[in-house]
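Undergrad: sequence plus predicted model, see below.
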Amino acid sequence: MLLLATLLSLLLFSSGCVSTAPNKCTSNADCKDWQYCNASSSYCAPKEGRCFSSSDCEKWQECSTASHLCVAKPGSCESNADCESWQECNTAANQCVVAQGFCEDDSNCASQETCNQDTHVCELKEGLCRTDFDCPTSWQVCVSQRCQPIEGRCNTNADCNPYEDCNTKTNTCEPREGFCNIDSDCDNWQYCDVNAKKCAPLPGYCDSTSSCNDWEYCSPTEHVCTPNKGRCNVNSDCNDWEYCNQAKRECVPEPGRCNSDSDCSSGQVCDVGKRQCI
């Protein structure tokens, strides 16, 4: 009897009925819709293509407890339909593999790319490029896999020359105050010293009193050397009763005219209203 029970158990296991209590049957009506009645054993067994457990399936399959169909295990396949949209089926190994043009992770991408986990497509990492066309603006070029501004354009001050700042509204390098690239970067009384990249006074103009003679100062409005009060270069720098003493660069009264009594001869005084010695 023990031997008979053992043989019956083995028969039931091989037929796929490995429940704790296999259904005994006399006809298919006694079985579930995915089973048939095995006449030789009088027990319900899975129909062809159906399963009771994963042991009834290929090794790359598992038994669906809902449909009792053999389905591909996750990552396994019989055709592309068993794989994700970004995969294809390696039918020799019954394994889903990354399809051409797609990726699973960054290891499937080039060094300057990252794998987009939503689309499973390799995309350029932020700020990196393959060609100039990968850069976000026409004033950038791809250099060593990075987008860089062309000369004169910028994202930050670091993209400009040391004497320039980056205008982030126009993304253009502009000379700082007092510096220049061309004459039009300077005031109308200056020109651009292209070697020093600085604005310098045009001939006849000044930017500080140190540029003037010792009897002059640099006019902050006209930017020309202007004689100090009482000093002169020409007669027109003096009052109308004075002339310019070129040797001393001083305005002195014409003969008979005066600013004080000391300008008059002995016995005369200065009529300061008329600027005449009387």
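TA: Structure's in. What do you need?
Undergrad: wait, what's in contact with the residue nearest to Glu84 when sequence neighbours are not counted?
TA: Spatially, and ignoring its direct neighbours in sequence, Glu84 is nearest to Cys96 (6.8 Å; C-beta to C-beta, 6 or more residues apart in numbering). Where you see a C-beta, it was placed from the backbone N, CA and C, and this is true even at glycine. Shown in contact with Cys96 (C-beta atoms under 8 Å, 6 or more residues apart in numbering): Gly75, Ser76, Cys77, Asp82, Cys83, Glu84, Gln87, Glu88, Cys89, Asn90.
Undergrad: how does it look with 10 Å?
TA: 72, 74-77, 80, 82-84, 86-90, 104 (C-beta atoms under 10 Å, 6 or more residues apart in numbering).
Undergrad: tell me the mean pLDDT for the host helix or strand of it?
TA: Assessed by DSSP states H and E, Cys96 sits inside strand 95-98. Regarding strand 95-98, the rounded mean pLDDT is 95.
Undergrad: repeat that for stretch 199-210.
TA: 95.
Undergrad: same deal with stretch 136-146?
TA: pLDDT averaged over stretch 136-146 gives 92.
Undergrad: now His68. Nearest residue, chain neighbours left out?
TA: Nearest to His68 is Trp34, by C-beta to C-beta, 6+ apart, at 4.4 Å.
Undergrad: that older thread, how distant is the strand holding Cys96 from the center of its chain?
TA: Centroid separation for strand 95-98 versus its chain: 36 Å, with C-alpha atoms, centre = their mean, to the nearest Å.
Undergrad: for beta bridges, what are the partners of the residue nearest to Glu84?
TA: Counting by DSSP bridges, Cys96 is bridged to Cys89.
Undergrad: beta partners of the nearest residue to Ser64 once chain neighbours are set aside?
TA: Once flanking residues are discounted, Ser64 sits nearest to Val71: 5.1 Å by C-beta to C-beta, 6+ apart. Beta-bridge partners recorded for Val71 (DSSP bridges): Glu62.
Undergrad: do the same with Cys270
TA: Cys277.
Undergrad: what about the nearest residue in space to Pro136 that is not next to it in sequence, distance to Cys135?
TA: Nearest-residue entry for Pro136: Cys147, 6.9 Å, with adjacent residues in sequence omitted and distances by C-beta to C-beta, 6+ apart. Per C-beta to C-beta, to the nearest Å, Cys147 is found 4 Å from Cys135.
Undergrad: can you check which residues contact both of those two?
TA: Gly127, Leu128, Cys129, Val141.
Undergrad: check contacts around the closest residue to Ser219 other than its chain neighbours.
TA: Distances taken as C-beta to C-beta, 6+ apart place Thr226 nearest to Ser219, at 4.6 Å, with adjacent residues excluded. Taking C-beta under 10 Å, 6+ apart, we find Thr226 in contact with Cys206, Thr209, Cys212, Glu216, Tyr217, Cys218, Ser219, Pro220, Asn233, Asp237.
Undergrad: only the buried members of these: can you turn that into a PyMOL selection?
TA: Those of those that count as buried under 16 or more other C-beta atoms under 10 Å are selected in PyMOL with:
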select buried, resi 206+209+212+216+217+218+233+237
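Undergrad: so can I have a markdown table of the contacts of Thr226 showing distance to Ser54 and secondary structure?
TA: Shown next, in a markdown table, are the contacts of Thr226 (distance: C-beta to C-beta, whole Å; DSSP: H, G, I helix; E, B strand; the rest coil):
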| residue | distance to Ser54 | secondary structure |
| --- | --- | --- |
| Cys206 | 97 | coil |
| Thr209 | 99 | helix |
| Cys212 | 102 | coil |
| Glu216 | 105 | strand |
| Tyr217 | 102 | strand |
| Cys218 | 98 | strand |
| Ser219 | 100 | coil |
| Pro220 | 95 | coil |
| Asn233 | 111 | coil |
| Asp237 | 112 | helix |
